[in-house]
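Peer 1: Just to be clear, the model below is a prediction. Sequence and coordinates:
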Amino acid sequence: TLARILGKLFNSIGLLSSDKVIECDRSKIVAKYVGHTAQNMQRLCDDATGGILFIFLFYTLATDDFGHEATDTLMKRMEDDRGKFVVIASGYKDNMDAFMSVNPGLSSRFTHRMHIDDYNEDELLSIFKKMASKDEYVLSQAAELKLMDAICRLVVAKDSQFGNAREMRN
């Protein structure tokens, strides 16, 4: 959602010629055969030209040679086509920090970083209620109190895998 909003914003201020956002993850990047991953990354960068390339869970590319092939190709395109498209890479903070520290070329190309804090208990309750209302459910006061208690317990026990709004959907 944030990448799509940034696409519209960057386009409206003239930073990008288009508001398109090409979304991908490891499954759309990594191929079965050596050399094909680079071709996939080249195509994604071509498709994103003028807009944004959004890579979900970017650090998953750190796991093998195919992922390294993808990141090497991406770094070259970011250098060669500087200003022609924007790359937004997302992931859990600790994983992203570890991934970026392994390759100084990556770290120097991703010059702006944003950490999005977890939702608080009231925000999570609002998210749950909004999701429930879409399915025409209404919470009684007693149910809302029990839900808030459950949300508080979730927040207190959260770990690095805490899913924020996904927790409410589940």
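Peer 2: Received the coordinates, thanks. Numbering: from 1, shown residues only.
Peer 1: immediately after the one helix or strand in the chain whose mean pLDDT sits lowest, which helix or strand?
Peer 2: Counting by mean pLDDT, DSSP states H and E, the weakest-scoring helix or strand in the chain turns out to be helix 104-109, with a mean of 84. Using DSSP states H and E, the helix or strand that follows helix 104-109 in sequence is helix 121-134.
Peer 1: contacting residues around the helix or strand that comes right after that next one?
Peer 2: On the C-terminal side of helix 121-134, the closest following helix or strand by DSSP H and E is helix 141-157. For helix 141-157, the surrounding residues in contact (CB atoms under 8 Å, 6 or more residues apart in numbering) are D118, N120, E121, L124, L125, F128, K129, L139, F162, E167, M168. C-beta coordinates here come from the backbone N, C-alpha and C atoms, glycine included.
Peer 1: What is the distance between helix 141-157 and the centre of its chain?
Peer 2: The chain centre lies 27 Å from the centre of helix 141-157; the measure is CA atoms, centre = their mean, to the nearest Å.
Peer 1: Ok, stretch 86-96 next?
Peer 2: Here stretch 86-96 shows a centroid-to-chain-centroid distance of 6 Å under the convention CA atoms, centre = their mean.
Peer 1: how about the nearest residue to the residue positioned nearest the centre of the chain, chain neighbours excluded?
Peer 2: For the chain, the residue nearest the mean C-alpha position is S90 (3.3 Å; CA atoms, centre = their mean). Nearest non-adjacent residue to S90, counting by CB to CB, 6 or more residues apart in numbering: F56, 5.6 Å away.
Peer 1: That neighbour: neighbouring residues, count only.
Peer 2: Each residue near F56 was counted by other CB atoms under 10 Å, and the total is 16.
Peer 1: now the closest residue to M75 other than its chain neighbours: how far from A89?
Peer 2: Leaving aside its chain neighbours, M75 sits nearest to G105 (5.1 Å; criterion: CB to CB, 6+ apart). Distance, G105 to A89, using CB to CB, to the nearest Å: 13 Å.
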